[in-house]
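Engineer: Okay, sequence plus prediction incoming.
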Amino acid sequence: MSSTPDLETATLRQWAAELGFASLGVAGVDLSSVEGGLQAWLSAGWHGEMDYMARHGMARARPAELVPGTVSAIMVTLDYAPDDPDWIERAWRTLASPERACVSRYALGRDYHKVVRSRLQKLAERIAAAVGPFGHRVFCDSAPVMEVELARRAGLGWRGKHTLLIHPKRGSTFFIGTLYTDLALPADDPQADHCGSCERCIEACPTGAIVAPYRLDARRCISYLTIELKGAIPEPLRAPIGNRIYGCDDCQLACPWNRFARPATLPDFAPRNGLDAASLAELFAWSAGDFDARLAGSPIRRIGHERWLRNLAVALGNASGDEAAIDAARQALLSRVDDPSALVREHVGWALAQLSEPARSRTASRPARPASTR
C-alpha cells in the first residue's frame, strides 16, 4: 500500500476536470455484498453468449484479485451527449424513419475505450508526479470490473432501473472509467436513488429486456443482439429491433433525467462518416474494405463486416411505408442474396420474406415510442 502525502480528493477532481472528465469520486473495493447478485445473474444465464462474464467468475467483484494490492478505486465519468438541446427528439425521429440507420449515440464517434483509458493514464501520471510511484491499472469497459457499482459507491450517481448509472445533473450519457490503485484514499458517500416510481425505461425497452427494476436479461437486449451475439439473431426479436443496427438508446431516451445530459467537451465523440444521418441501403452496400476503412478507430469495427451486414439485413427487413420504400429495401437485400456468409444469407432471406408480408403486419411489429420524457 502506498502513502498519499497531500493528495486530497478535491485535488484529484481538479486534475480530472483539466483532462476533460465530468466528475471524479473514490470508492472502496469491498464488493462482497454484491457477489450474490452477480452469481444469481450468471446462474440464470442472462449473460447469454458473453462467456467471459462467467469465465472471470467473482474476480469482477474482487478488485484485489484482478490487481493485487488494490485498496481504492478512483472513478471518473466522461460526457458524450451531443451539443444539441433537441438531441432526444432527433433520436426519436430517426427511430421513426425506417429507411434510416439508428446507431447508439455513444458509438457515433471515436472508440471510447481508448479515449477514456488514455486520459485516465494521464491522471495516473499526474498522481505519480505528486506522490511518487504507486501501484495502479486503468480500465474502461475492458476487463472484469464492476464499473457501475463502483461509480455508484463513489457518489457519481445511482443505478437506474435500466441498470445504468444516473447523475441528477447530467443524466446517464457518459462513459465510466476506473483506476484501481494501492493508494488508501477516503471513499466518497453514495447518492440516494431518485428513480422513485418511474418505470419509463422499462416500458420503452423494445424487446422487454428489462425484466424487472434493476434486472436486465442481456439475451433480449438489442445492444447484446447487435454487438455481442455472434450468431443468428433469434427470429422473435428481429422485428422489435426496428432500424437499430448497433446498440440501442431507448431506455436512455425515455429517462426524464437525460433532459439534463451535458454535451461532450471532447471532439472525439462527434459523429463520423455521417452515421447519424445514413440510410440503411447505403451502409448495406459497404464492402468489407469500406467497413474497415470508414470505421477505423470506431467501437463499431469490433463486430466485423459480417455482423454489420446481419444487423442491416434485419433492419431492412423491418422497412415500412410506401411501396417505393419497401422496394428500395428489397433491392438492397437482393444485392446480397448470394453473400459468401451463411449468416448474412439467412438474415437476408428472412428480411425478404418479411417484405413480402402485408404492410399492416410489418407496421404493427414496429415498437411505439413511449410517453414524453418531458
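Structural biologist: Perfect, thanks for sending it.

Engineer: buried ones in the helix or strand hosting Arg117?
Structural biologist: Arg117 belongs to helix 112-131 when assigned by DSSP states H and E. Neighbour counts over helix 112-131 (16 or more other CB atoms under 10 Å) mark 112-113, 115-117, 119-120, 122-124, 126-127 as buried. In short, each C-beta sits where N, CA and C put it, glycine included.

Engineer: Stretch 13-33 too?
Structural biologist: In terms of neighbour count (16+ other CB under 10 Å), stretch 13-33 has its buried residues at 13, 15-16, 19-29, 31.

Engineer: which ones are touching Asp292?
Structural biologist: 301, 305 (CB atoms under 8 Å, 6 or more residues apart in numbering).

Engineer: What distance do you get for it to Arg302?
Structural biologist: 12 Å (CB to CB, to the nearest Å).

Engineer: that older thread, closest to Val138 among the buried residues of helix 112-131?
Structural biologist: Within the buried residues of helix 112-131, the smallest distance to Val138 is 4.0 Å, found for Leu120 (CB to CB).

Engineer: Surely the closest one and Leu179 touch.
Structural biologist: Yes. Counting by CB atoms under 8 Å, Leu120 does reach Leu179; the two are 5.4 Å apart.

Engineer: shared neighbours, the two?
Structural biologist: What both Leu120 and Leu179 touch, as defined by CB under 8 Å, 6+ apart, is the set 76, 138-139.

Engineer: Which of the residues you listed ranks first by neighbour count?
Structural biologist: Neighbour counts for the shared contacts of Leu120 and Leu179 peak at Val76, which has 30 neighbours (criterion: other CB atoms under 10 Å).

Engineer: need the contact list for that residue.
Structural biologist: 16, 21-24, 116, 120, 123, 176-179.

Engineer: redo that, cut-off 6 Å
Structural biologist: Residues in contact with Val76, defined by CB atoms under 6 Å, 6 or more residues apart in numbering, are 16, 21, 24, 177.

Engineer: Cys221: which of those residues is nearest?
Structural biologist: Once CB to CB is applied, the member of the contacts of Val76 that ends up nearest Cys221 is Gly177, at 22.6 Å.

Engineer: That closest one and Cys102: what is the separation?
Structural biologist: 26 Å.

Engineer: got it, and Ala44?
Structural biologist: For Ala44, the distance to Cys102 - CB to CB - is 29 Å.

Engineer: Would you mind telling me which of these two has the busier surroundings?
Structural biologist: Comparing Ala44 with Cys102 by neighbour count (other CB under 10 Å), the higher total belongs to Cys102, at 27 against 12.
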